[in-house]
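**Student:** sequence-free structure coming up:
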């Protein structure tokens with residue numbers, strides 16, 4: 001085997017090892033597809049959602065990151081105050097409340113616009129300190145058939161940049177629907193979706209470590225909403241690894257011939 005062939009063979013070995021390592025890392029960091037009776041989206045890696053009353057609460061399962069961000073979403077039966085125009089007007093205005101420390105807080109609206117996500121209209125807004133002092137909260141609100149739907153994502157102010165990609169991935173895969181024939185965990189018709197949805201007043205309130213045990217639904221999904229994908233992902237990565245190994249063996253035999 002000449003010198004050039006040896007170099008090529010070594011490069012193939014390095015490429016194969018790097019590709020397999022990348023595939024294994026991708027498998028461990030793969031996002032989970034969440035779905036329930038009215039929403040579907042890709043949940044960031046290591047995040048878990050659980051039902052807390054009428055709200056779904058999602059947090060990172062890593063204890064060191066659990067207090068940095070929280071996702072809360074809910075549905076309510078549509079009433080007189082549930083429309084895209086009313087949602088937009090609500091989110092353009094500052095929100096005032098009293099913090100758990102008893103201090104008055106007034107939020108700072110940063111943006112409030114209409115947005116089309118996967119063929120459905122949403123109101124998209126960003127506030128500072130509208131739900132938790134020192135946190136940014138992004139709101140996505142819409143109506144679908146007889147329900148209003150709200151998704152909120154709150155992140156510590158100094159951690160916002162590190163979570164942008166996670167939430168952008170969630171938004172890109174966000175789909176809203178109204179499944180019939182299933183029990184709907186939703187608030188009543190009174191008020192609007194923002195007044196009805198209970199957002200934790202501290203980052204640990206309603207956290208996943210206090211959540212309910214998932215229960216099976218009549219579609220074989222868990223109340224947590226995640227479809228089991230680990231087996232399918234492992235099969236894909238295994239096939240990819242075998243294919244790379246096969247190419248490596250074939251080229252090695254050809255070069256040694």
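**Tutor:** Right, received. Where do you want to start? Treat the numbers as computed from the prediction; the structure is a model and nothing was measured. Numbering: from 1, shown residues only.
**Student:** can you show me the strands along this structure?
**Tutor:** Assigned strands in the chain, in chain order: 32-35, 39-43, 47-52, 55-60, 69-77, 96-98, 104-106, 108-117, 120-128, 135-144, 147-156, 175-176, 186-187 (criterion: DSSP state E).
**Student:** give me the number of residues near residue 157?
**Tutor:** 12 (other C-beta atoms under 10 Å). Using the backbone N, CA and C atoms, a C-beta is placed for each residue, glycine as well.
**Student:** my bad, residue 80
**Tutor:** 10.
**Student:** next: residue 165.
**Tutor:** Neighbours of residue 165 (other C-beta under 10 Å): 10.
**Student:** tell me how far it lies from residue 101.
**Tutor:** 32 Å (C-beta to C-beta, to the nearest Å).
**Student:** picking that back up, and residue 198, which of the strands of the chain is closest to it?
**Tutor:** Counting by C-beta to C-beta, residue 198 lies closest to strand 55-60 out of these; the figure is 5.5 Å.
**Student:** which secondary structure elements does that closest one sit against?
**Tutor:** On a contact count with 3 or more C-beta pairs under 8 Å, 6 or more residues apart in numbering; DSSP states H and E, strand 55-60 meets strand 47-52, strand 69-77.
**Student:** quick one: strands adjacent to the longest one?
**Tutor:** The strands that strand 69-77 pairs with in its sheet are strand 55-60 (antiparallel), strand 147-156 (antiparallel), strand 186-187 (parallel) (by DSSP bridges).
**Student:** could you check that strand and say which residues are buried?
**Tutor:** Across strand 69-77, burial judged by 16 or more other C-beta atoms under 10 Å covers 69, 70, 71, 72, 73, 74, 75, 76.
**Student:** report the mean confidence score over it.
**Tutor:** Averaging pLDDT along strand 69-77 gives 95.
**Student:** hang on, the earlier thing: wait, which of the strands of the chain is closest to residue 196?
**Tutor:** Nearest of the strands of the chain (C-beta to C-beta): strand 186-187, 4.0 Å.
**Student:** give the contact list for residue 140.
**Tutor:** 115, 117, 122, 123, 124, 150, 151, 152, 171, 174 (C-beta atoms under 8 Å, 6 or more residues apart in numbering).
**Student:** show me the beta-bridge partners of residue 112.
**Tutor:** Assigned bridge partners for residue 112, using DSSP bridges, are residue 125.
**Student:** you'd agree it is up against residue 94?
**Tutor:** No: the criterion here is C-beta atoms under 8 Å, and residue 112 misses it with residue 94 at 11.2 Å.
**Student:** those two: which is more packed in?
**Tutor:** residue 112 (18 against 13).
**Student:** returning to that earlier point: so which of the buried residues of strand 69-77 comes closest to residue 178?
**Tutor:** For the buried residues of strand 69-77, the nearest to residue 178 is residue 75 (8.8 Å; C-beta to C-beta).
**Student:** before we move on, the earlier item: rebuild the strands of the chain as JSON lines, extending it with distance to residue 89.
**Tutor:** Below are the strands of the chain laid out as JSON lines (distance: least, C-beta to C-beta, whole Å):
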{"stretch": "strand 32-35", "distance to residue 89": "29"}
{"stretch": "strand 39-43", "distance to residue 89": "24"}
{"stretch": "strand 47-52", "distance to residue 89": "28"}
{"stretch": "strand 55-60", "distance to residue 89": "23"}
{"stretch": "strand 69-77", "distance to residue 89": "18"}
{"stretch": "strand 96-98", "distance to residue 89": "16"}
{"stretch": "strand 104-106", "distance to residue 89": "17"}
{"stretch": "strand 108-117", "distance to residue 89": "9"}
{"stretch": "strand 120-128", "distance to residue 89": "9"}
{"stretch": "strand 135-144", "distance to residue 89": "11"}
{"stretch": "strand 147-156", "distance to residue 89": "14"}
{"stretch": "strand 175-176", "distance to residue 89": "21"}
{"stretch": "strand 186-187", "distance to residue 89": "20"}
